[in-house]
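Peer 1: Predicted coordinates and the sequence they were generated for:
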Amino acid sequence: MRLRTLEPSYRSAGPLPPEAESEAQAPSWGEMDQQSAGAAEPADALAQATRNLRTMIATARLNDGRAPKAIVLLSAEAEPETALTAFNLAVASARSGWRTLLVDTSNGQAVQPRLFRIETGAAIAPLRDVADLGAFIQQTAVPDLFLLSVGGTDPSNTGGAVDPHRFLQPLIDDFDLLLIDASHTSADCPLSEAAEAAIVVLRQDHSTVSCVGEVIGRLRMQGTPLLGTFLVA
């Protein structure tokens with residue numbers, strides 16, 4: 001059963017851009033920003049919707065009264081839409097004055113670095129205890145917005161058992177907001193276990209009820225609060 005809705009949905013800007021074959025073909029930040037429906041078109045429906053998500057995050061409170069600072073975005077059969085939502089939400093958060101870190105967990109696929117036109121593979125942190133994670137954090141073209149690519153869930157990158165809470169805690173202390181893009185690792189992303197809250201992204205007329213149920217069921221087993229779902233056309 002495919003999910004449908006009578007409520008407004010938000011159209012994505014299309015599939016993720018392919019790898020540029022040469023430096024001459026690589027779009028500038030402004031061109032990539034337009035492709036990703038970011039701040040270049042602030043009236044775009046998807047950009048407006050992610051600003052509403054930012055407002056929801058600002059007003060959300062955990063059971064202990066704290067505002068969530070580490071939020072994972074999970075895909076329910078909506079990988080490109082989830083990545084673009086994470087991108088736009090990170091841009092909107094940084095431009096609102098939050099020092100924001102976007103964590104890419106695409107396991108070497110370099111989804112967010114491609115969107116931000118950062119050299120792929122230049123700084124991928126292994127998913128294990130690292131003495132200085134700051135060495136892997138990269139500044140983007142957006143002020144107050146930083147990017148961290150981690151090695152994902154491949155055993156060669158994890159170096160054994162991973163304590164995601166120990167991995168994320170120094171980052172939570174240093175930033176106003178951590179957004180974990182688990183668009184391509186939603187089923188087996190260790191960092192999602194350490195997130196304080198989650199947003200599930202759906203694709204209209206594509207995401208199935210059973211898939212959404214599986215994602216929400218995993219969150220319940222982990223004890224991760226669900227802030228809400230986000231439907232993209």
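Peer 2: Looks like it arrived, so ask away. Bear in mind the structure is a predicted one, so any value in this text is a computation, not a measurement.
Peer 1: so what pLDDT did the closest residue to Leu101 other than its chain neighbours get?
Peer 2: In space, Leu101 comes closest to Phe175 once its chain neighbours are excluded; the distance is 4.5 Å by Cβ to Cβ, 6 or more residues apart in numbering. C-beta here means a position set from N, CA and C on the backbone, and glycine is covered the same way. Note for Phe175: predicted pLDDT of 94.
Peer 1: tell me what the longest helix along the chain is packed against?
Peer 2: Ranked by number of residues, the top helix in the chain under DSSP state H is helix 79-95. If you count contacts as 3 or more Cβ pairs under 8 Å, 6 or more residues apart in numbering; DSSP states H and E, helix 79-95 packs onto helix 45-59, strand 70-76, strand 100-104, helix 111-115, strand 145-150, strand 177-182, strand 197-203, strand 226-232.
Peer 1: what about those, which gets the closest to Leu168?
Peer 2: strand 70-76 (5.9 Å; Cβ to Cβ).
Peer 1: want to throw the helices and strands packed on helix 79-95 into a markdown table with distance to Gly217 and mean neighbour count?
Peer 2: Formatted as a markdown table, those follow (distance: least, Cβ to Cβ, whole Å; neighbours: other Cβ atoms under 10 Å):
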| stretch | distance to Gly217 | mean neighbour count |
| --- | --- | --- |
| helix 45-59 | 23 | 17 |
| strand 70-76 | 11 | 26 |
| strand 100-104 | 23 | 28 |
| helix 111-115 | 25 | 24 |
| strand 145-150 | 25 | 24 |
| strand 177-182 | 16 | 27 |
| strand 197-203 | 11 | 24 |
| strand 226-232 | 11 | 19 |
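Peer 1: In a markdown table: those, plus distance to Phe167.
Peer 2: Output for the helices and strands packed on helix 79-95, formatted as a markdown table (distance: least, Cβ to Cβ, whole Å):
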| stretch | distance to Phe167 |
| --- | --- |
| helix 45-59 | 21 |
| strand 70-76 | 11 |
| strand 100-104 | 10 |
| helix 111-115 | 18 |
| strand 145-150 | 8 |
| strand 177-182 | 11 |
| strand 197-203 | 17 |
| strand 226-232 | 22 |
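Peer 1: To Ala135, which of these lies closest?
Peer 2: strand 145-150 (10.4 Å).
Peer 1: Please name the nearest non-neighbouring residue to Thr140.
Peer 2: Leaving aside its sequence neighbours, Thr140 sits nearest to Phe116 (Cβ to Cβ, 6+ apart; 4.8 Å).
Peer 1: Look at the one you found and say how many residues are nearby.
Peer 2: 23 (other Cβ atoms under 10 Å).
Peer 1: Then Asn63?
Peer 2: By other Cβ under 10 Å, 6 other residues sit near Asn63.
Peer 1: if I pick it, what's in contact with it?
Peer 2: When contacts are counted by Cβ atoms under 8 Å, 6 or more residues apart in numbering, Asn63 touches Pro225.
Peer 1: Now it. Its backbone dihedrals?
Peer 2: phi -60, psi -30 (degrees, to the nearest 10).
Peer 1: Which secondary structure element of the protein has the lowest mean pLDDT?
Peer 2: Using mean pLDDT, DSSP states H and E, helix 29-35 stands out as the lowest-scoring helix or strand of the chain, at a mean of 42.
Peer 1: Which residues are in contact with the residue nearest to Leu101?
Peer 2: Neighbouring residues of Phe175 by Cβ under 8 Å, 6+ apart: Lys69, Arg99, Thr100, Leu101, Phe146.
Peer 1: As CSV, these with distance to Val201 and pLDDT would be great.
Peer 2: Shown next, in CSV, are the contacts of Phe175 (distance: Cβ to Cβ, whole Å; pLDDT from 0 to 100):
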residue, distance to Val201, pLDDT
Lys69, 20, 93
Arg99, 24, 96
Thr100, 18, 97
Leu101, 19, 95
Phe146, 22, 94
